[in-house]
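Novice: Any chance you could fold what I've pasted below:
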Amino acid sequence: MREVEIPKSDGGIRKLSIPTVEDRIAQQVIKSYLEPRLDRLFHPSSYGYRSQKNAHQALRQVQRHCRRYFYCIDMDIKSFFDEVSHDLLMKALRKHVSESWVLRLIETWLRAPIREADGSERLRIGRGTPQGGVISPLLSNLFLHYVLDEWLKRTYSGVELVRYADDAVVFCRTAREAEYVLRLIRERMQACELRLHPDKTKIVHCKTEMSQGQNDYPVYFDFLGYRFQPRTKRRRDGSLFLSFDGAILPKSERRITEELRQSNFQRWVFVGIEVIAAKFNAKLRGWLNYYGELDRFKVRRIFERFNFRLLKWAIKKYERFKGSFRKAGRWLRSLAKKKPHLFHHWKYGITANQGIA
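Specialist: Reported below is the predicted structural model:
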């Protein structure tokens, strides 16, 4: 397998092991063969890389639990894909896979040497599953099914788990319960040759009007590109209340803002507005659909910034505006009314006039 380094948003490096074309095809065949069998085992609380399951469903479940529970454990399994025990993984597989040829193939892929960028090879000694392999998500789900999901259901069923691949949040009723369950989870991880990240794993107080007691626990956690924290909400009668809810992660918003800045499309004065729409609509659709799932209002700043750059583009392109934001804004507002489908966010009326002077 060939190793490829991918930069992470926190400045670190994620190492992906890319199988050969032949191995990718073979892994896809085995994955399709085993997935219906193994997927029936998995709990409803597991959302990652499963048919009929997705990240938005996991986020909605987290949102519901935040309204019912006052504390949660924000879990981070340190170097999960590098630490998975081959012996324990194969033990889990043998419980459900009797075909020796399938087991031999999977064991071969787990032990396959990694070819690094400089051409040297590195062997996996008893642990690690290739992150980037077609079959790795299925194997990881099976491993964590026994390490965490099934074990937690048997050991302490009074809490609620939401897991997406190796990202997991456990919801508890009290701080004391959260402390106890976290201690159990640490012991379980150690017994299964895994570790919780000491700095990134934490107990969080899901602070609302109903649970505003003072304590030293953090009051936010990040999950799948969203930040959950106390937020002021408005009731139907117009009154305000404190909720614990999710919206786009500030880091995700900064990344998108930087992408818009680097595009520098406000200087594309030799193209028409249709070209800009064709270039960005897929991205606009993706940003709105993913980060607007829980709260579209919170993503408005992204589209305000986009509209402002579009406004600057119009001023640079058309001499009749002569540096007038007001004239250019009036033209863009009129265009948004005539062609609401030109840009993806315009057709929803979301920030169609915001960011346009």
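
Novice: Tell me how far Tyr220 lies from Pro19.
Specialist: 38 Å (CB to CB, to the nearest Å). C-beta here means a position set from N, CA and C on the backbone, and glycine is covered the same way.

Novice: So which of these two has more stuff around it?
Specialist: Pro19 (20 against 16; other CB atoms under 10 Å).

Novice: I'd assumed Trp109 was in contact with that one.
Specialist: Yes: with contact defined as CB atoms under 8 Å, Pro19 reaches Trp109; the gap is 7.3 Å.

Novice: Find residues that contact each of those two.
Specialist: Residues touching both Pro19 and Trp109 (CB atoms under 8 Å, 6 or more residues apart in numbering): 27, 130, 133.

Novice: quick one, strands of the protein?
Specialist: 2-7, 13-18, 71-76, 114-115, 121-122, 160-164, 167-172, 202-205, 221-223, 226-234, 240-248 (DSSP state E).

Novice: Assess the claim that Leu311 and Ala328 are in contact.
Specialist: Yes: contact criterion CB under 8 Å: Leu311 and Ala328 qualify, at 5.4 Å.

Novice: which of the two has more neighbours?
Specialist: Using other CB under 10 Å, the more surrounded residue of Leu311 and Ala328 is Ala328, with 24 against 20.

Novice: roughly how far apart are the nearest residue to Tyr47 once chain neighbours are set aside and Asp167?
Specialist: Residue nearest to Tyr47 in three dimensions, not counting chain neighbours: Ala58, with 3.8 Å by CB to CB, 6 or more residues apart in numbering. Distance, Ala58 to Asp167, using CB to CB: 9 Å.

Novice: Burial check on the nearest residue to Glu193 once chain neighbours are set aside, number of neighbours?
Specialist: Of all residues not flanking Glu193 in the chain, Ser85 sits nearest, at 4.5 Å (CB to CB, 6+ apart). By other CB under 10 Å, 18 other residues sit near Ser85.

Novice: Hmm, Gln190 and Ser85 touching each other?
Specialist: No: if you go by CB under 8 Å, Ser85 and Gln190 don't touch, sitting 12.0 Å apart.

Novice: Report the separation between the two terminal residues of stretch 126-134.
Specialist: In terms of CA to CA, to the nearest Å, the two terminal residues of stretch 126-134 are separated by 20 Å.
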